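> What shape does this take:
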Amino acid sequence: MKSIRACFSFPLNAVAAATLASLTAAGVMLSLPAFGQTSADAVSAATADSPTKSLGMVTVNSGQPTSLPTQIPTTMEGITREQIEQTINATDSEDALKYLPSLLVRKRYIGDYNHAILSSRASGTGNSARSAVYADGILLSNYLGNGVGGLSFPPRWGLVTPEEIERVDVMYGPFSAAYPGNSVGAVVDYVTRMPTKFEAHGKIDYVSQPFELYSTSSTFTATQASASLGNKNGGWSWWINANRTDSHGQPLTFPTRVVSTGAAGNAGTAVSGAVLERNNANLPWYILGTGTEYHTIQDHLKIKLAYDITPTLRAAYTLGYWQNKSEGDSVSYLRNAAGQPVYSGPVNINGRSFTLNGGDFALTRENLSHVMHGLSVKSHTQGVWDWEVAASLYDYDRDLKRQNGVANPLPAAAVGGAGTIADGSGTGWYTLALKGTWRPQGLKGAHIADFGVQQDSYKLRYRTSNIAGNWLADGAGTLASNVRGDAQLQSLYAQDAWAFAPRWKTVLGARVERWTASDGLTNFSASNALSFSSRSESFVSPKAALSWQWTDDTVLKASAGRAIRFPTVGELYGATATANSQFINDPNLRPEKSWTTELTAEKDLGSGLLRLTFFTENTRDALYTQTAFDPVANLNISRVQNVGRIATKGLEAAYNGFDVGLKGLDLGGSITYADSIIKENSGFVATPGDTVGKQQPNIPRWRATALASYRFKPQWTATLAARYSGTQYRTLNNADVNGFTYQGVSKYFTGDLRVRYQVSKAMTAAFGIENLNNYKYWNFHPYPQRSYVAELKVNL
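Purely as a prediction, here's the structure:
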């Protein structure tokens with residue numbers, strides 16, 4: 001039997017186990033520690049659906065629906081269900097990514113449905129369209145827009161619950177031809193459970209967050225309940241998951257007034273309670289109260305069906321349903337001489353007068369229900385040919401947001417009065433893909449080719465109407481604004497993994513794309529409508545990767561790829577306005593064009609795996625949405641634009657060790673340095689040239705993660721983890737020098753704790769603390785403070 005040592009770039013016990021099993025079956029002995037298992041345990045736990053790795057290239061042999069091609073030529077990280085359960089206080093599906101290298105999800109509260117955007121090496125938390133998130137091959141990323149502005153476009157994390165997850169794989173960079181240019185940051189692929197026998201699961205969570213900021217001192221809580229049931233009978237298998245989240249988050253926004261904008265004198269009602277602070281430009285301003293304090297109740301239902309037509313051909317269908325009813329409330333810190341709260345009208349603070357309106361202490365009520373469908377037929381012969389046909393649909397079945405009007409302030413607004421209703425019903429996207437794999441000499445041959453044709457179509461429909469009577473209950477009245485538009489991306493791709501010599505392997509590929517935007521419309525009244533001409537553009541994006549088994553325990557590899565990120569329909573046409581915000585679109589935006597490279601060394605240290613990656617990205621016409629507060633208009637104004645050129649270079653180190661120096665002690669960590677600078681830009685913020693030479697927004701120079709997990713008894717596991725991010729900016733000209741304030745972006749260092757106890761074979765209990773050191777940090781909004789998590793889970 002031949003013996004080799006392989007180097008993995010991701011710390012997966014299931015992945016390691018599957019690799020061990022598959023190579024052992026092929027007559028190869030693999031020396032690799034498994035996460036929390038002996039080698040014999042790992043073999044018995046292995047599954048054929050987990051990725052394997054050879055010569056630095058990941059091979060995916062899954063029979064389940066997935067977005068991943070069979071050959072992945074770039075850095076890949078991941079985590080399994082067992083690791084999530086053991087080490088992470090997971091209340092939302094995005095929590096699974098928490099400790100992976102260079103990744104951050106801007107999650108502000110449990111159930112965050114409108115701002116939880118994924119950030120990666122050279123893509124910040126304002127660029128949701130620079131990453132791709134899939135679940136069982138179904139697109140969850142929302143490419144109707146980018147980031148947040150007038151509307152919000154994070155991935156639809158709520159369509160996957162933590163209890164469903166079997167494995168999460170993350171591919172860094174646009175090096176696979178199988179993905180659109182949105183993959184320039186990262187590709188996240190969730191694989192959810194599909195049972196092989198009867199199983200049932202139940203889980204309840206409770207989270208408590210004591211929160212103190214400015215004049216707010218309160219405790220905010222969240223509860224979750226989840227149940228799953230599944231079985232396999234002959235060729236049929238099925239899975240049902242239901243989840244309810246009831247979450248009350250901390251305040252996220254704060255009405256303010258810059259001190260210098262107030263008129264000196266005695267005009268207005270004298271009030272007390274305003275908090276004197278400094279804004280992100282370090283100017284004195286008053287914090288008048290709180291806003292956007294969400295109470296959200298979300299229901300999730302997932303039904304998965306699969307039928308094995310033959311032993312090598314499977315049909316699968318997924319139905320996902322997500323419902324959210326949310327209330328966003330406000331509280332005033334201001335009090336008049338009688339001690340009553342003040343919400344509107346002329347007020348006087350320390351000898352300066354300001355005027356307040358209904359937009360300062362806004363109320364919102366949202367009623368959303370979204371439906372997801374996925375259908376695929378996939379062969380799994382592992383012979384010369386395999387193929388797959390896959391389609392998905394994501395539909396905003398109901399998407400209503402109500403808000404009080406500027407002239408309808410609290411306290412009257414709490415029971416009715418004028419306002420608006422925004423209706424996004426009918427918005428959504430659908431995808432269609434035909435994929436093939438050709439192995440001319442079979443699995444052990446020198447060539448494995450992936451190819452396919454894809455079509456992704458997006459439809460934005462968003463109409464805002466005035467309500468003259470009761471904004472809480474009445475139907476739509478006169479038009480306030482109406483935006484719509486369609487976009488379509490048609491693609492052909494092919495890539496060939498070629499083992500052209502012993503210890504050498506390359507992947508060469510290309511992607512051809514044709515993008516069309518059409519039916520663009522923006523209007524703010526029946527007589528003021530702007531329609532936009534259709535646009536079409538085509539591009540070719542080459543990809544290449546090379547790996548070399550330098551020594552028995554070290555692999556070297558290089559990757560390069562071009563990515564085209566096309567403007568979204570929201571960026572092109574989505575002009576919107578509310579009582580306290582405005583978004584300015586641009587129908588003439590140019591596509592964003594990036595070249596990305598990687599040089600990586602991976603080494604097996606026996607009890608651990610070490611990776612070092614040097615990466616670069618050169619992006620022209622970067623698409624950016626900037627939000628600035630206009631103190632005169634009292635609005636957050638967002639504008640989208642092209643930025644001439646951004647250059648990024650950096651270094652990422654990652655380590656994962658198992659039984660390190662002590663049986664049961666597993667260690668993991670990463671550190672990333674990124675120098676991301678705006679090199680060219682004809683646009684500016686305040687004066688010409690003020691953005692050139694500045695740091696790319698939301699990209700810190702340094703970030704790091706660390707995790708230690710110790711199984712000190714068979715029933716007990718304790719995990720201590722930490723995350724760090726250095727100084728960063730939100731504005732293109734880096735003028736926001738104060739990050740520790742509302743609308744600022746701060747550095748942070750936080751610790752997390754989780755202790756898990758196996759009560760019995762069927763029951764586990766866990767206790768955790770998030771933000772153990774209670775670090776108060778910001779990304780425009782305040783992140784959660786120290787939170788206590790209790791969890792009880794039953795598996796039958």
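> number of nearby residues for residue 237?
Residue 237 has 20 neighbouring residues, counting by other C-beta atoms under 10 Å. Glycine gets a C-beta too; all of them are placed from N, C-alpha and C.
> That one should be in a strand, yeah?
Yes: counting by DSSP: H, G, I helix; E, B strand; the rest coil, residue 237 is part of a strand.
> That one bridge partners, please.
residue 232, residue 306 (DSSP bridges).
> so where is the chain shaky, pLDDT-wise?
Along the chain, segments meeting pLDDT under 70 span 1-65, 70, 73, 149-150, 526, 576-583, 627-636.
> So which residues of it form helices?
Remark: helices assigned in the chain by DSSP state H are 13-25, 39-45, 81-87, 569-573.
> and the third one, C-alpha only, in PDB?
Okay, so that is helix 81-87. Extracted C-alpha coordinates of helix 81-87, given in PDB (Å, rounded to 0.1, in the frame of the first residue of the first chain):
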ATOM      1  CA  ARG A  81     -22.000  20.300  11.400                       C
ATOM      2  CA  GLU A  82     -20.100  18.600  14.300                       C
ATOM      3  CA  GLN A  83     -17.700  21.500  14.500                       C
ATOM      4  CA  ILE A  84     -20.500  24.100  14.500                       C
ATOM      5  CA  GLU A  85     -22.300  22.300  17.300                       C
ATOM      6  CA  GLN A  86     -19.100  22.000  19.400                       C
ATOM      7  CA  THR A  87     -17.500  25.400  19.000                       C
END
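> Mind giving me the packing neighbours of that helix?
helix 13-25, strand 165-172, strand 702-713, strand 716-725, strand 748-758 (3 or more C-beta pairs under 8 Å, 6 or more residues apart in numbering; DSSP states H and E).
> among the ones you listed, which is nearest residue 563?
strand 165-172 (12.3 Å; C-beta to C-beta).
> Give me the sheet partners of that closest one and which way each runs.
strand 76-80 (antiparallel), strand 186-192 (antiparallel).
> In a markdown table: these, plus mean neighbour count and distance to residue 782.
Below are the strands paired with strand 165-172 laid out as a markdown table (neighbours: other C-beta atoms under 10 Å; distance: least, C-beta to C-beta, whole Å):
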| stretch | mean neighbour count | distance to residue 782 |
| --- | --- | --- |
| strand 76-80 | 25 | 27 |
| strand 186-192 | 27 | 26 |
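> still on that earlier bit, deepest in the core, which of the helices and strands packed on helix 81-87 is it.
strand 165-172 (a mean of 25; mean count of other C-beta atoms under 10 Å).
> Surely residue 491 is in contact with residue 538?
No: counting by C-beta atoms under 8 Å, residue 491 does not reach residue 538; the two are 10.4 Å apart.
> Find residues that contact each of those two.
Residues touching both residue 491 and residue 538 by C-beta atoms under 8 Å, 6 or more residues apart in numbering: 512-514.
> Not counting sequence-adjacent ones, nearest residue to residue 265?
The shortest distance from residue 265 to any non-neighbouring residue, by C-beta to C-beta, 6 or more residues apart in numbering, is to residue 353 (6.2 Å).
> quick one: that neighbour from residue 548, how far?
71 Å (C-beta to C-beta, to the nearest Å).
> what do you get for residue 113?
Counting by C-beta to C-beta - residue 113 and residue 548 are separated by 45 Å.
> hang on, isn't residue 621 packed against residue 588?
No: Residue 621 is beyond contact range of residue 588, at 11.5 Å (criterion: C-beta under 8 Å).
> More neighbours: which of those two?
residue 621 (21 against 10).
> List the contacts of that one.
Residue 621 neighbours (C-beta under 8 Å, 6+ apart): 590-593, 642-644.
> ok, residue 143 touching residue 129?
Yes: using C-beta under 8 Å, residue 143 makes contact with residue 129 at a distance of 5.7 Å.
> shared neighbours, those two?
Common neighbours of residue 143 and residue 129 (C-beta under 8 Å, 6+ apart) are 153, 182, 568.
> of those residues, closest to residue 475?
For the shared contacts of residue 143 and residue 129, the nearest to residue 475 is residue 153 (26.8 Å; C-beta to C-beta).
> Excluding chain neighbours, what is closest to that closest one?
Closest to residue 153 by C-beta to C-beta, 6+ apart is residue 145, at 3.9 Å.
> do residue 107 as well
Residue 107 sits nearest to residue 116 (C-beta to C-beta, 6+ apart), 4.6 Å away.
> What's the local residue count around the one you found?
Residue 116: 23 neighbours (other C-beta under 10 Å).
> most centrally placed residue in this structure?
When the chain is reduced to its mean C-alpha position, the closest residue under C-alpha atoms, centre = their mean turns out to be residue 118, at 3.3 Å.
> Next, count neighbours for residue 508.
17.
> which residues touch it?
If you count contacts by C-beta under 8 Å, 6+ apart, residue 508 has them with 495-496, 498, 543-545.
> before we move on, what about residue 608?
Taking C-beta under 8 Å, 6+ apart, one finds 33, 655-658, 660, 667 in contact with residue 608.
> if we go to 10 Å?
Applying C-beta atoms under 10 Å, 6 or more residues apart in numbering to residue 608 gives the contacts 11, 33, 655-660, 666-668.
> again, but for residue 766
85-86, 88-89, 205, 717, 719, 754-757, 789-793.
> coming back round to it: quick one, which of the strands paired with strand 165-172 is nearest to residue 504?
Comparing the strands paired with strand 165-172 under C-beta to C-beta, the one sitting nearest is strand 76-80, at 19.5 Å.
> centre of the chain versus that closest one, how much separation?
For strand 76-80, the separation from the chain centroid amounts to 15 Å (computed by C-alpha atoms, centre = their mean, to the nearest Å).
> Kindly report the same for stretch 557-571.
Centre to centre, stretch against its chain (C-alpha atoms, centre = their mean), the figure for stretch 557-571 is 17 Å.
> swap in stretch 638-647?
21 Å.
> and it, C-alpha only, in PDB?
Taking Å, rounded to 0.1, in the frame of the first residue of the first chain, the C-alpha atoms of stretch 638-647 are listed here in PDB:
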ATOM      1  CA  SER A 638     -26.700  57.200  -0.600                       C
ATOM      2  CA  ARG A 639     -25.100  57.600  -4.100                       C
ATOM      3  CA  VAL A 640     -23.700  54.800  -6.300                       C
ATOM      4  CA  GLN A 641     -20.600  55.500  -8.500                       C
ATOM      5  CA  ASN A 642     -17.600  53.900 -10.300                       C
ATOM      6  CA  VAL A 643     -14.200  54.300  -8.600                       C
ATOM      7  CA  GLY A 644     -11.400  54.300 -11.100                       C
ATOM      8  CA  ARG A 645      -9.000  51.700  -9.700                       C
ATOM      9  CA  ILE A 646      -8.400  50.000  -6.400                       C
ATOM     10  CA  ALA A 647      -5.300  47.800  -5.800                       C
END
